[in-house]
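Trainee: any chance you can model this:
(one chain, ligands or ions: 2)
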Amino acid sequence: MSLKLTDSVAAIKGIGPKTEKILNKAGICTVRDLLYYLPRTYENFTTTTKLSDLRPGKVVIRGQISDLHTSRTHRRNLTITEGIIRDNTDAVRVVWFNQPYRAKQFIEGKDYYFTGNYDLSRGRYQLTSPRAELAADVDKLAGGNKFQPVYPVRGSFKSEGFRKIFETLRSEFAFIPDLLPKIKPGTRADALFKAHFAESDADVKAARSYLAYEELFELILASQLNKQENQKLRAEQIPFVANDIKRAVSSLKFNLTNAQRLATFEILKDLEKSTPMNRLLQGDVGSGKTVVAALAALSVAKAGQQTALLAPTAILASQHAESLAELLTPLGINVALLTGATKRKSSLKKHIKDGDVDLVVGTHALLTDDTEFKNLALTIIDEQHRFGVNQRQKLLEKTVARTGLAPHLLMMTATPIPRSLQLAIFGDLDISTLNELPKGRQPVTTKVIKEINFTDDLYPKVRAYLAKGQQVYWICKKIEEGGPSEAVSVKKQAEKLQKIFPKEKIAFLHGRMKPEEKDQIMQRFAENKIHILVSTTVVEVGVNVPNANIMVIMDAENYGLAQLHQLRGRVGRGQSAAECYLVSSADQPSRRLKELEKSTDGFYLAEADLKLRGPGEIYGSLQHGAMNLQFASLSDTHLIAAASKAAKAFAKTPDQLKDYPELMTCIKRYQQLTTLN
Ligand code: ADP
Ligand code: MG
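Mentor: Ligands and ions are numbered 1, 2, ... in the order given. I've put the predicted structure just below:
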């Protein structure tokens, strides 16, 4: 075979039309796509543990299985397949959830390798949902290499299928050219070979490190080039109207924190410039980002220009519109709300186009093609990670095409970027930080709790809050029962709570409801007409109901640290004490949950989060949706520093990018991601 990276996968021997179709459907179209489709993990069959020596954790065992049977639980609608694995030293219980085919998969009397987690569950040690392979198959594996890649399954295409394809490519890797200028020892061909044909953990590590470096180089280079591009754009210059700002600030019911003052100053200074602002305002939940945004919008309105504020949900948009109008309308600013549910949309859109509206708050509805602005000078994106790249891009194109000017951009997030990453990776962003909370806030007391302790410990607490007239958030993972996890659904939980608290008004909320329905429930919760709100994470961002002071998060182990911190930020928004209960069924709560018990400081938690993530894990695929790193672990500060140095040097002569067409394509992807401009 003589292959090029850009060839279709069909050029590979052994890939017929049927396989090609499956691969394409999984997004694997070119040889390059395929080569970068790396094993999810590796099974190391070289060392197995005798059953008599098993210790909790990840284990590889070899034995025979018997006593298989499947049952169904009613409460959580699961199928459970159980069996016993034996070797000549001992026996162990094995359990699979919602994999009923396991009951028929095995041949009695044959040896299998099982890899999975051996752990305590509901008081018994067991092997939970292990992978299984016929020992005879493993033993005759090519070259006697018992270190085997496990590829992520794509549709009907299993790991085994990928192994076979790579086996046919085994002798072909030499053709792979390097992606980057020669600045790092090793070659890409070697790294990719090691990833697919690793014989040890050391191979895997070396491969990952090379690919991670590539990835970081691309990301950092993209952000550097973005910065250069941004410098070339022109924006409306917004004069610093000190008197108007002072008047607005003195009309507030509170004094600004010093951090708010500084951030406002930094933003207003940026707005004066003829290059567009590209700034991130990061501050913990409750640190008061909205008022800073309001002051920026005020300046823009005073200059006769418009501001758009994009919020991730309709609920949040309407809350923002309300609180911004309260502050800005008395100062002569016209604030409008535009969401999917807005009545008389076309007349509002006409007002926006005519420039009658100074500040438009909205959701994605703001991005539709028929929403035109007269002179949009500032875009504010709240909880920016929730917005897709294309949407941001659209907003930019909209303005630049009409006026030749780019809007200033302010992104707000409650998920701070760890300091160690700010300079290295987000080199194109200026950052303002609200590092203090308004006075008088009490930290939310956080406790990990087990479901069996609800009756004794939790329900009395909840009852006490309800008796004071305060409200409760109850967070569940799922909308409906079923699916692969054991997590409880909002519906089931709401029914259960209604029995326990029969007098209280209880409602549930989730993302699949119609926006109007969601708004209505949120509105009634805000008016204290609903006392317990059972919800999925749709309440995660921004929602403000200061009378809700206790939150229970079911199946807390299912969420990331940042997300739990965000959720917790929904309580403790007033002046009274607040509590958050993290429900875990694990014997030992995870480090994540322990960190949350210990601290309410978002900046501390962001750093802790980074440290807790293992290699290959993605920092904030949720938090910074754009930043989907496949290989790099952002906790690897050495690698980041090295890649940063090389990428910044490369960016000094951006023209040389022409000599690296593949690199150019790769970084285009990131360039759109890292910023709007
Ligand atoms: P976030 O940063 O999470 O978006 P918000 O802007 O929603 O926070 O502010 C949270 C609450 O704190 C709001 O009710 C707001 O009016 C109030 N707030 C903002 N700044 C201050 C301050 N300096 N002093 C007291 N309360 C403040
Ligand atoms: Mg907010």
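
Trainee: now do the residue of the stretch 351-500 of the chain at minimum distance from ligand 1, the pLDDT please.
Mentor: Distances between the stretch 351-500 of the chain and ligand 1 by CB to the nearest ligand atom are smallest at P438, namely 3.1 Å. Every C-beta, even on glycine, is put in place using the N, C-alpha and C of the backbone. Here, the pLDDT recorded for P438 equals 88.

Trainee: now it: how far from F254?
Mentor: For P438, the distance to F254 (CB to CB, to the nearest Å) stands at 6 Å.

Trainee: which of those two has more neighbours?
Mentor: Set side by side, P438 and F254 show unequal neighbour counts under other CB atoms under 10 Å, the larger going to P438 at 16 against 12.

Trainee: residues in contact with that one?
Mentor: For P438, the contacting residues are 254, 257, 286-288, taking CB atoms under 8 Å, 6 or more residues apart in numbering as the criterion.

Trainee: at 7 Å what do you get?
Mentor: Applying CB atoms under 7 Å, 6 or more residues apart in numbering to P438 gives the contacts 254, 257, 288.

Trainee: so which of the residues you listed would you say is closest to A103?
Mentor: Of all the contacts of P438, A103 sits closest to G288, with 56.7 Å by CB to CB.

Trainee: so that closest one sits against Q260, correct?
Mentor: Yes - judged on CB atoms under 7 Å, G288 makes contact with Q260 at a distance of 5.6 Å.

Trainee: what's the end-to-end length of stretch 422-430?
Mentor: Taking CA to CA, to the nearest Å, the span from the opening residue of stretch 422-430 to its closing residue is 9 Å.

Trainee: quick one: average confidence on it?
Mentor: Across stretch 422-430, the average pLDDT comes to 73.

Trainee: can you check stretch 288-303 too?
Mentor: Regarding stretch 288-303, the rounded mean pLDDT is 96.

Trainee: now stretch 575-588
Mentor: The predicted model assigns stretch 575-588 a mean pLDDT of 89.

Trainee: any buried residues in that stretch, and which?
Mentor: Of the residues in stretch 575-588, those scored as buried under the neighbour-count criterion (16 or more other CB atoms under 10 Å) are 578-584.

Trainee: out of those residues, who's nearest ligand 1?
Mentor: Distances from ligand 1 to the buried residues of stretch 575-588, taken by CB to the nearest ligand atom, are shortest for A578, at 13.4 Å.

Trainee: I'd assumed R441 was in contact with the closest one.
Mentor: No - between A578 and R441 there is no contact, the gap being 9.5 Å when judged by CB under 7 Å.

Trainee: name the SS class of the residue in the stretch 101-250 of the chain positioned nearest to ligand 1, please.
Mentor: Among all residues of the stretch 101-250 of the chain, V249 sits closest to ligand 1, at 9.9 Å; criterion: CB to the nearest ligand atom. Using DSSP: H, G, I helix; E, B strand; the rest coil, the secondary structure recorded for V249 is helix.

Trainee: who touches it in this structure?
Mentor: With CB under 7 Å, 6+ apart, V249 has these contacts: L256.

Trainee: A242 versus that one, what's the distance?
Mentor: 10 Å.

Trainee: averaged pLDDT, stretch 309-318. What do you get?
Mentor: Across stretch 309-318, the average pLDDT comes to 85.

Trainee: for V538, what are phi and psi?
Mentor: The phi and psi values for V538, taken as degrees, to the nearest 10, are phi -60, psi -20.

Trainee: same thing with E579?
Mentor: According to degrees, to the nearest 10, the main-chain angles of E579 amount to phi -130, psi 150.

Trainee: identify the bridge partners of it.
Mentor: Beta-bridge partners for E579, by DSSP bridges, are T445, I550.

Trainee: flag every residue of the stretch 51-200 of the chain that's near ligand 1.
Mentor: Counting by CB under 6 Å from any ligand atom, the stretch 51-200 of the chain comes close to ligand 1 at no residue.

Trainee: where does pLDDT dip in the stretch 51-200 of the chain?
Mentor: Within the stretch 51-200 of the chain, the ranges that satisfy pLDDT under 70 run 75-76, 141-145, 183.

Trainee: can you give me the helices in it?
Mentor: Read by DSSP state H, counting those that start in this stretch, the stretch 51-200 of the chain holds these helices, from start to end of the chain: 102-105, 135-139, 159-169, 188-196.

Trainee: just those helices: most buried one?
Mentor: helix 188-196 (a mean of 21; mean count of other CB atoms under 10 Å).

Trainee: now for that helix, which elements pack on it?
Mentor: The contact analysis (3 or more CB pairs under 7 Å, 6 or more residues apart in numbering; DSSP states H and E) places helix 188-196 against helix 201-232.

Trainee: can you list the buried residues in the helix it packs on?
Mentor: 203-204, 206-227, 230.

Trainee: quick check: angle from that helix to helix 188-196?
Mentor: Following axes from the mean of the first three to the mean of the last three CA atoms, to 10 degrees, one obtains 130 degrees for the angle between helix 201-232 and helix 188-196.

Trainee: ok, the lengthiest strand in the chain: who's next to it in the sheet?
Mentor: In the chain, assigned by DSSP state E, the strand with the most residues is strand 57-73. Partners of strand 57-73 in the sheet, by DSSP bridges, are strand 78-86 (antiparallel), strand 112-121 (antiparallel).

Trainee: thanks a lot, catch you later.
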